[in-house]
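Visitor: need a 3D model of the sequence below.
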Amino acid sequence: MLDLFVYWHAVAPRDTAWESVPLVLHDERLITVRVGWPPHEPEQPRDLVEDVTRILGHHLGSVSSFCLHSSLSPDVDTLGCWMDLLLDRRVDYLQLVPGRIDRAQLPLQRLKTDMLGTMVIGFFNILPLVLTDNNHWCDSIHNLGTLTLIGYKFSVDDLSVALRMLGCLWSLTLGSCNLLAGNEEATMLVESLSLRNLRFWSCIGKTLVIYYAPVLSFLEIGISSVVASAASVSVELRAAAALREIRRVMLPLHSIEIYGALGPAFMPKRRMSLHYVTKLDCWTPK
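Guide: Numbers count the residues shown, from 1 in each chain. So this is what the prediction gives:
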């Protein structure tokens, strides 16, 4: 790792091995080897953007893991450069959660890879789902299996469309997200043939509808209203027959409705029992 920090690539005799194996690049490891720096303090993120860019440029092989969570956030041009450098590099794990919130625009539509399995993105702005050139950012990562979004204000309509487009996605986590950005009446509609785990924590919202998720087995409902005096968050389970565990049901802050029909044939008066549910956590705030 010291080689990477000083020279941005491995030196002999380690260079052959470095170039022949997939790169695992985590910015926190660079911090631990910088000579003369005091111990890292989380509230004072380091600027390692240039170092990360140079290392990516020097390693011409595949990249198995790319993680940024201790450095300052790069600017838009650098983010675009990173997406281009990761293009066709067989990256499997991508984490971009900078140490300081700048909310730069993240050009995910430039990251085109069939290998990306896990993506964790925090405190960036993502372009609208439908772009002017009729491309979608999830077109380029359609084999994504696990997605975590942190600190976002986005259109839930865009996210609902993304869920339908990401046909291999089995786990979605939303943390500290505002689900009402631009529309205080917005409904988070979940329709996915592949989604098995759905987690919300510290999110703001009003209505969550599990419209059609036949293999969904785990649901965590960490969603609250904008203000404490507002109406309860509505959670509708319209088609989730495989559901086994529901967590963070907050009574009376959540209103849970369970229906039995599927899709367009939905009949509000029909109810269903969740035959596979083995655990339901409920708690009432003090």
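Visitor: how about residue 51, secondary structure?
Guide: Of the three states, residue 51 takes helix under DSSP: H, G, I helix; E, B strand; the rest coil.
Visitor: the closest residue to residue 182 other than its chain neighbours: neighbour count?
Guide: Here the nearest residue to residue 182 in space, its sequence neighbours aside, is residue 155; by C-beta to C-beta, 6 or more residues apart in numbering that works out to 6.1 Å. Any C-beta I mention is one placed from the backbone N, CA and C, and that applies to glycine too. Neighbour count for residue 155, taken as other C-beta atoms under 10 Å: 16.
Visitor: strands along the stretch 51-200 of the chain, start to end?
Guide: For the stretch 51-200 of the chain, the strands defined by DSSP state E, counting those that start in this stretch occupy 63-68, 93-96, 105-106, 118-122, 125-126, 146-150, 171-175, 187-191, 197-204.
Visitor: who wins for proximity to residue 86 among the ones you listed?
Guide: Ranking these by proximity to residue 86 (C-beta to C-beta) places strand 63-68 first, at 6.1 Å.
Visitor: what residues sit buried inside that closest one?
Guide: Residues of strand 63-68 classed as buried by neighbour count (16 or more other C-beta atoms under 10 Å): 63-64, 66-68.
Visitor: partner strands of that strand, with direction?
Guide: Strand pairing for strand 63-68, determined by DSSP bridges: strand 23-26 (parallel), strand 93-96 (parallel).
Visitor: need those strands in a markdown table (columns: mean pLDDT and distance to residue 224).
Guide: Below are the strands paired with strand 63-68 laid out as a markdown table (pLDDT from 0 to 100; distance: least, C-beta to C-beta, whole Å):
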| stretch | mean pLDDT | distance to residue 224 |
| --- | --- | --- |
| strand 23-26 | 81 | 33 |
| strand 93-96 | 92 | 26 |
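Visitor: comparing the ones you listed, which comes out most buried?
Guide: Greatest average neighbour count among the strands paired with strand 63-68 goes to strand 93-96 (a mean of 20), per mean count of other C-beta atoms under 10 Å.
Visitor: list of residues touching that one?
Guide: Applying C-beta atoms under 8 Å, 6 or more residues apart in numbering, the contact partners of strand 93-96 are 64-69, 86, 106, 111, 116-122, 124.
Visitor: what about the stretch 151-286 of the chain, any weak spots by pLDDT?
Guide: Flagging of the stretch 151-286 of the chain using pLDDT under 70 yields the residue ranges 227-230, 260-286.
Visitor: do a quick rundown of the helices in it.
Guide: Secondary structure of the stretch 151-286 of the chain (DSSP state H, counting those that start in this stretch): helices located at 156-165.
Visitor: is it correct that residue 233 is in contact with residue 224?
Guide: Yes. Counting by C-beta atoms under 8 Å, residue 224 is a contact partner of residue 233 at 6.5 Å.
Visitor: name the residues contacting each of the two.
Guide: Contact criterion C-beta under 8 Å, 6+ apart; residues shared by residue 233 and residue 224: 205, 253.
Visitor: surely residue 254 meets residue 231?
Guide: No. Judged on C-beta under 8 Å, residue 254 makes no contact with residue 231 at a distance of 10.9 Å.
Visitor: which one's more surrounded, the two?
Guide: Relative neighbour count places residue 254 above the other of residue 254 and residue 231, with 18 against 9, counting by other C-beta under 10 Å.
Visitor: beta partners of the more buried one?
Guide: Beta-bridge partners of residue 254, counted by DSSP bridges, are residue 233.
Visitor: all the helices of the stretch 1-150 of the chain, residue numbers only.
Guide: Counting by DSSP H, counting those that start in this stretch, the stretch 1-150 of the chain has helices at residues 2-7, 15-20, 27-33, 49-58, 76-85.
Visitor: send the alpha carbons of the last one over as CSV?
Guide: Presented in CSV, the C-alpha positions along helix 76-85 are these (Å, rounded to 0.1, in the frame of the first residue of the first chain):
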residue,chain,number,x,y,z
VAL,A,76,-18.0,16.2,-11.3
ASP,A,77,-15.2,15.9,-13.8
THR,A,78,-13.2,13.6,-11.6
LEU,A,79,-16.3,11.4,-10.9
GLY,A,80,-16.8,11.1,-14.7
CYS,A,81,-13.1,10.2,-15.0
TRP,A,82,-13.5,7.4,-12.4
MET,A,83,-16.6,6.0,-14.2
ASP,A,84,-14.6,6.0,-17.4
LEU,A,85,-11.6,4.3,-15.8
